[in-house]
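Only the shape, not the letters, is given here:
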């Protein structure tokens, strides 16, 4: 893992070590990489992330914390897939993948796998997600905002102040 490479983008998801977590991990990868415009990495990333989550579920001890955190990070020329879990055994991965693990406090581990970004792309070149400003569904149901006469608003505010034009 490139320790000195700066993380350009990161997103994570905390899951409970249950079989449904695998589908959630797949949706998380697909959504995040779609937002990052790295659609060509979705299948391989999803495969690796789901294998890590499955391994975490198999190793989970029902008597301890069953929370696992799946994280996607863009750093340097790599997409890093990280998983934090209490008990974990690394599943078999492709020999092309750079992998590793770091012990964390309380017996937890951080497992990571690096996938190279496409040729000519580095973490800083991946655009940040953009979201369009949207009105709430309730505001949309009301339609366009009515035009308000500023003079009318001034008279209402003046009236609410308790003074009626100097007449007591």
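Everything's here; your move. All figures in this text were calculated on a predicted structure; none of them were measured in a lab.

Starting from the helix or strand residue 73 falls within, tell me which strands it pairs with and how they run.
Using DSSP states H and E, residue 73 maps to strand 67-75. Here strand 67-75 has these sheet partners by DSSP bridges: strand 7-16 (antiparallel), strand 78-85 (antiparallel).

average pLDDT for that strand?
What strand 67-75 shows for mean pLDDT is 91.

Mind listing what's buried along it?
Buried residues in strand 67-75, counted by 16 or more other C-beta atoms under 10 Å: 68, 70-75. (C-beta placed from N, C-alpha, C; glycine too.)

related to what we said a few turns ago, now for the strands paired with strand 67-75, which one comes closest to residue 115?
strand 78-85 (4.6 Å; C-beta to C-beta).

Any stretches of this protein with poor pLDDT?
Scanning the chain for pLDDT under 70 picks out 1-5, 7, 65, 89-95, 122-136, 139-140, 143-146, 162-168.

Could you rerun that using 80?
The model of the chain has pLDDT under 80 over residues 1-8, 61-65, 87-97, 105-107, 118-150, 153, 157-168.

For the lengthiest helix in the chain, give me every contacting residue.
When the chain is parsed with DSSP state H, its longest helix is helix 42-59. With contact meaning C-beta atoms under 8 Å, 6 or more residues apart in numbering, helix 42-59 is reached by 15, 17-19, 21-22, 25-26, 28-30, 33-34, 68, 70, 72, 79, 81, 83, 85, 87-91, 93, 97, 111, 113, 115.

7 Å instead?
Residues outside helix 42-59 that contact it (C-beta atoms under 7 Å, 6 or more residues apart in numbering) are 15, 17-19, 21-22, 25-26, 29-30, 33, 68, 70, 79, 81, 83, 85, 87-89, 91, 93, 111, 113, 115.
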